[in-house]
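just to be clear, the model below is a prediction. Sequence and coordinates:
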Amino acid sequence: MGVPKKRMSRQKRDSRRANWKVTAPNVNTCTNCTGPVLAHRACPACGHYKGKEVMKGAEE
Amino acid sequence: MSRHMNTGRKLSRNTSHRKALLRNLIRAVILEESITTTTPKAKETRRVVEKIITQARVGTLAARRHVHRTVRDQAALAKLFETIAPRFKTRPGGYTRMIHTSNRVGDNAPMSILELVEKSEKVAAEPADDKAAKAAAPKAEAAPKAEKAPKAEKAPKAEKAPKAPKAKKAAEAETK
């Protein structure tokens, strides 16, 4: 099995990690309560999806 | 070994555990008509439920015995053949619907509602319960039935937790 010959410097290691970035989720607006909602998911606040109430939300 | 052509999820279970789990989930879908579970479990359940309903639509004794291999519960089997199958008589497949919901609190597992497309009037009147949402606002619930259930469950649990250590301490004090 291939094994690293030398310890990698901090600079080399951190330079690689400098490109690891978090991306914000793409948040849409609920058509029922105008709250934030993820795409293709029922609204956690009002429980609506595609204009229908599919579950009980937190704010009901 | 490559897993070419192998379909289906293992759901981190051995064969017997997985089969039992799926049977339970299938039974729940038939009896409750709408269940909340993790997305992979819902997808696996959907595969089987669709096939079972198609079989149930045939309605013969042979079909019934065939379905009985997976649906062992007599009540569920009867409901499947007598109320669910006629409901979907004209629908060419696609009897179930999946609605994705927020990830589960605790392990961030993707959750979904798996439900029959055409539900009985009783079930259709009440939207599916989301347990996480219930816990957040049990007082605000509209339906009285749904309201009582979680409270009754919570009350004894909350009481037991603090009492148990006290009882132990008391027992220790006595022995000393």
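That came through, no problem. Numbering: from 1, shown residues only, chains lettered A, B, ... in the order given.

wait, residue A:32 touches residue A:42, no?
No. With contacts defined as Cβ atoms under 8 Å, residue A:32 does not count as touching residue A:42, sitting 10.2 Å away. For the C-beta atoms, the positions are set from N, CA and C on the backbone; glycine is no exception.

just the strands in chain B please.
Ranges of strands within chain B are B:34-38, B:96-101, B:111-116, based on DSSP state E.

is the second one in proximity to chain A?
Yes. Strand B:96-101 lies within reach of chain A by Cβ under 8 Å from any Cβ of the partner chain, at B:99, B:100, B:101.

can you redo the residues you listed as a markdown table with pLDDT?
Listed next are the residues of strand B:96-101 next to chain A as a markdown table, based on pLDDT from 0 to 100:
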| residue | pLDDT |
| --- | --- |
| B:99 | 94 |
| B:100 | 94 |
| B:101 | 93 |
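
between the residues you listed, which sits nearest residue A:16?
The nearest member of these to residue A:16, counting by Cβ to Cβ, is residue B:100 at 34.3 Å.

related to what we said a few turns ago, overlap in contacts of residue A:32 and residue A:42?
By Cβ atoms under 8 Å, 6 or more residues apart in numbering or on different chains, residue A:32 and residue A:42 have these common neighbours: residue A:48.

what about these two, which has more around it?
Legend: neighbour count by other Cβ atoms under 10 Å in any protein chain shown for residue A:32 and residue A:42, higher for residue A:42 (29 against 17).
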